[in-house]
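Undergrad: Model the following, please.
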Amino acid sequence: MKRKPLVNGLLIVLALLLVVGMAYQFVPSLRGGGAGGLFGRQTGTPALRVDGATVTVEELEAARRSNPVIAGTDTGLLGDDFKTYVVAQSVRRALYTQAASDINVSRQDVDAEVKKFREARNLTDNKAWTDALQGAGLTDAAYRTQVRDQLAVQRKVESLQKDVPAATDAEAQAYYDLNQNQYQSDARIVGREIVVADRAKADALLTQARASGADFAALASANSTEFKDRGGALGPIENGSPRPVAQVALPTEVAAAAFALKDGGVTDVVASGGKFYIVKVERYLAPATRPFSEVKSQVQATVTQQKKDAVVEKWLDGLQKDAKIEYVDPAWKVENPTVATVSGQNIPYADVVEQVVNNQQLAQIFQQLPAEQVAGLVNTGLKPQIVKQLISGYAAPTIAEKLKLNLVGTRQEIATALSAYGARDVKVSDSDVQAFYRQNVAQFETPGSASVDEASFATRTQAEAFRTDWNGQGEFVAAATRAGGTVSERGAVTSGDQKLGSELETAVFGPNLRSVGEGSLSPVVQNGQRFSVAYVTDLKRATTQPLSAVRAQIEEQVLASKKNEAGQKFLEAQVATLKPTDRLQTVLAAQAKRVAAATPKTETPATGTPATGTPATETPAGSGSTSGSGSASGSGASTPATGAAENGTTTPATGTPATGTPATGTSTETAPATSTP
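TA: Numbers count the residues shown, from 1 in each chain. Presented below is the predicted three-dimensional model:
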């Protein structure tokens with residue numbers, strides 16, 4: 001059973017980037033030596049201190065470069081967001097590593113982990129290993145330091161989780177009641193099959209099998225190449241009857257035909273893998289919820305893990321709440337205001353940014369739009385949704401307690417459970433199913449397909465004469481060429497793939513084909529200034545699955561949709577009773593003002609009009625002279641911490657002005673000691 005990812009990338013953070021890949025798993029420029037965790041051992045320019053441990057500018061820049069989503073954007077609103085993300089992640093890693101500094105990790109443990117990693121990536125050769133490390137900006141010693149810290153954090157987490165009590169029966173029952181869809185048995189059938197290698201024989205056997213009083217088991221024993229010793233039974237015989245089997249027991253095409261017979265019956269002949277199948281369905285067993293007693297141990301394991309996750313989440317929250325962050329380099333100071341408040345809990349803006357960066361669609365959007373437009377879409381669409389989800393997550397434990405529900409887990413797991421609780425009575429009606437089928441019938445259509453050769457002629461008379469005269473003898477290409485046509489081999493085509501012109505495609509898949517030889521000829525259609533006839537072979541007509549064949553699929557899909565809608569509505573109503581405060585728009589407005597103020601202004605020198613008889617003198621606008629970059633002194637000499645302006649003016653990557661003067665547009669507020677980026 002798949003478990004949902006935890007909110008805020010909890011497990012990704014704890015993994016400390018060991019096994020994803022050489023290019024992105026390391027933070028380059030990490031150097032070993034000393035004690036006190038991964039951060040605080042580095043050499044370079046200090047950017048900030050986390051409970052006394054130093055994080056350097058070089059580390060932060062390397063962390064930004066190592067993330068392909070944010071690496072190319074360090075300016076404007078998104079640049080400001082991404083800097084917040086980099087700082088927040090670096091602070092967290094520093095906190096986790098320091099918190100695990102009391103965990104003993106032996107040199108032998110580190111050696112074993114390094115050996116396993118090298119062997120898994122075919123890096124046992126020392127030169128290959130050294131080259132790989134250098135490519136990531138590491139030395140062997142620095143890498144081993146990372147491994148040591150990662151193992152320490154893992155063991156710290158394990159030590160926190162080891163004393164977590166197992167799920168109680170009440171907790172397990174509550175989870176089961178709200179997640180019964182996870183404990184469904186597969187649909188199964190009781191049936192028999194006949195499998196032969198010859199299509200003609202299969203057709204003859206199908207006629208016999210459908211005859212009144214036919215003994216399918218006897219036909220299978222006499223003719224089938226599979227399971228003939230048990231009368232073609234799909235499952236072993238138990239108590240005189242075949243054992244039910246799931247769809248995986250049959251080839252895909254055969255299973256689709258057999259499992260469509262909800263009321264039993266005999267399938268048509270189905271071709272698959274060079275064989276021909278006939279299946280008799282004696283009994284169809286619909287999916288059903290497995291009883292709690294049958295899955296109790298599985299449910300308890302899931303709930304126990306949720307309780308362990310909750311302990312870790314609480315530990316991480318405590319580390320961040322009590323952290324003392326000191327910004328040494330003003331260029332790396334970030335603003336991390338409270339974006340929302342609920343149940344007495346403040347949600348930091350960095351939580352929102354983290355989910356933006358981790359959104360799977362963000363990288364795709366960057367490939368299609370400039371950063372300025374992406375920022376607008378993110379601020380108006382994605383961030384409001386994220387804040388809403390975060391508020392629900394932070395509110396969830398309070399709501400569960402108020403409703404006296406026996407729910408456990410992380411904030412997000414409890415929020416998911418509350419949504420399921422709110423949708424627990426949702427049902428799907430027959431009218432729901434029929435409406436969905438009518439509105440989405442295209443989902444259940446299989447387009448027609450064929451192999452096509454096209455012969456085009458100069459006149460309709462030539463084309464019509466060829467279509468009438470050719471009887472399929474000899475090769476189509478040769479015959480059409482002799483008749484004055486030009487042949488194009490179109491190959492395999494599918495209805496709607498636009499390989500053929502619309503008129504010719506309509507003719508190919510239409511009802512007026514003329515059978516000739518091993519194929520058919522289409523009606524003559526005009527194609528530009530010429531007239532075409534298509535020779536069609538291997539034709540398969542478009543088909544639409546009947547409602548009876550897809551009812552179960554539709555019921556599942558509609559039920560999930562209705563439950564999601566009802567669950568979200570319930571959760572929103574419960575959250576509203578807590579009167580949360582959403583400050584996102586205020587935070588975004590302040591960010592926009594801050595970024596704009598910190599952006600260098602490029603001014604065009606004014607063109608003065610000379611007085612009569614007086615030579616023209618060009619005087620730059622403003623009270624001071626302009627710099628070589630075109631920025632006016634006073635207003636343009638400052639460089640924002642976020643880098644370049646959204647109008648494209650580029651500044652140094654470090655965010656420090658070329659003159660060495662701190663950015664005047666950067667806020668001078670000091671972050672509270674308890675705030676965590």
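Undergrad: quick one: the residue nearest to the spatial centre of the chain from residue 89, how far?
TA: The centroid of the chain falls nearest to residue 360 when counting by CA atoms, centre = their mean (5.4 Å). Counting by CB to CB, to the nearest Å, the gap from residue 360 to residue 89 is 18 Å. Glycine gets a C-beta too; all of them are placed from N, C-alpha and C.
Undergrad: what do you get for residue 550?
TA: 45 Å.
Undergrad: got a list of what residue 148 touches?
TA: Neighbouring residues of residue 148 by CB atoms under 8 Å, 6 or more residues apart in numbering: 105, 110.
Undergrad: now swap in residue 227 and tell me
TA: 192-193, 220, 233-234.
Undergrad: Now do the buried residues in the helix or strand where residue 153 lies.
TA: Under the criterion of DSSP states H and E, residue 153 resides in helix 140-161. Buried residues in helix 140-161, counted by 16 or more other CB atoms under 10 Å: 142-154, 156-157, 161.
Undergrad: Would you tell me what the next helix or strand after that helix is?
TA: That would be, after helix 140-161 and using DSSP H and E, helix 169-178.
Undergrad: Residues contacting that following helix, please?
TA: Counting by CB under 8 Å, 6+ apart, 167, 183, 292, 295-296, 299-300, 302-303, 306-307, 405-408, 417, 420-421, 424 sit against helix 169-178.
Undergrad: Of these, keep whichever come out buried.
TA: Using 16+ other CB under 10 Å as the threshold, 167, 183, 295, 299-300, 302-303, 306-307, 407-408, 417, 420-421 are the buried ones among the contacts of helix 169-178.
Undergrad: So which of those residues is the closest to residue 265?
TA: residue 183 (29.9 Å; CB to CB).
Undergrad: Would you mind confirming that the closest one is in contact with residue 290?
TA: Yes: Residue 183 lies in contact with residue 290 (CB atoms under 8 Å); the separation is 4.8 Å.
Undergrad: Go ahead and name everything in contact with the helix or strand that contains residue 114.
TA: Counting by DSSP H and E, the element that carries residue 114 is helix 107-120. For helix 107-120, contacts defined as CB under 8 Å, 6+ apart pick out 18-19, 123-124, 129, 143-144, 147-148, 151.
Undergrad: Could I get the buried residue list for it?
TA: 110, 113-114, 117-118.
Undergrad: Widest-spaced pair of the residues you listed?
TA: By the measure CB to CB, 110 and 118 form the most distant pair in these, at 12.5 Å.
Undergrad: on that earlier part again, quick one: which of the buried residues of helix 107-120 is nearest to residue 283?
TA: residue 117 (52.6 Å).
Undergrad: measure residue 534 to residue 416 for me?
TA: According to CB to CB, residue 534 stands 54 Å off from residue 416.
Undergrad: In the record's domain split, what are the boundaries for the chain?
TA: By the assignment in automatic domain parsing, the chain contains the domains 186-285, 448-541.
Undergrad: and the end-to-end length of the shortest one?
TA: This means domain 448-541. 5 Å (CA to CA, to the nearest Å).
Undergrad: Distance from that domain to the middle of the chain?
TA: 44 Å (CA atoms, centre = their mean, to the nearest Å).
Undergrad: Just confirm residue 193 is within a strand.
TA: Yes: assessed with DSSP: H, G, I helix; E, B strand; the rest coil, residue 193 lies in a strand.
Undergrad: ok, now which ones touch it?
TA: By CB under 8 Å, 6+ apart, the residues touching residue 193 are 220, 224, 226-227, 232, 234, 250, 254, 277-280.
Undergrad: Repeat that for residue 268.
TA: 206, 257, 278.
Undergrad: May I have the phi/psi pair for it?
TA: phi -70, psi 180 (degrees, to the nearest 10).
Undergrad: cool, and residue 501?
TA: Dihedral pair for residue 501: phi -60, psi 160, per degrees, to the nearest 10.
Undergrad: Cross-check the contact I'm expecting between it and residue 530.
TA: No: using CB under 8 Å as the test, residue 501 is too far from residue 530 to be in contact (11.0 Å).
Undergrad: Which positions within the helix or strand residue 48 falls within qualify as buried?
TA: Using DSSP H and E, residue 48 sits in strand 46-50. Using 16+ other CB under 10 Å as the test for burial, strand 46-50 gives 47-50.
Undergrad: Most widely separated two among those residues?
TA: Spanning the widest gap among those are 47 and 50, at 10.4 Å by CB to CB.
Undergrad: How about the secondary structure of residue 539?
TA: With three-state DSSP as the basis, residue 539 sits in strand.
Undergrad: From residue 531, how far out is the nearest residue to residue 306 once chain neighbours are set aside?
TA: Closest residue to residue 306 apart from its sequence neighbours, by CB to CB, 6 or more residues apart in numbering: residue 409 at 3.5 Å. Counting by CB to CB, the gap between residue 409 and residue 531 amounts to 70 Å.
Undergrad: Make sure residue 581 is actually in contact with residue 341.
TA: Yes: between residue 581 and residue 341 a contact is recorded at 4.5 Å, counting by CB under 8 Å.
Undergrad: Pick out whichever of these two has more residues nearby.
TA: Comparing residue 581 with residue 341 by neighbour count (other CB atoms under 10 Å), the higher total belongs to residue 341, at 17 against 13.
Undergrad: Is it correct that the more buried one falls within a strand?
TA: Yes: under three-state DSSP, residue 341 sits within a strand.
Undergrad: which residues sit in contact with it?
TA: 347, 580-581, 583.
Undergrad: go with 10 Å
TA: Residue 341 is in contact with 347, 391, 394, 578-583, counting by CB atoms under 10 Å, 6 or more residues apart in numbering.
Undergrad: element containing residue 346, please.
TA: Taking DSSP H and E as the criterion, residue 346 maps to strand 345-348.
Undergrad: Let me know the average pLDDT across the helix or strand following that strand.
TA: If you walk from strand 345-348 toward the C-terminus, the next helix or strand you reach (DSSP H and E) is helix 349-357. For helix 349-357, the mean pLDDT works out to 96.
Undergrad: Okay then, goodbye and thanks.
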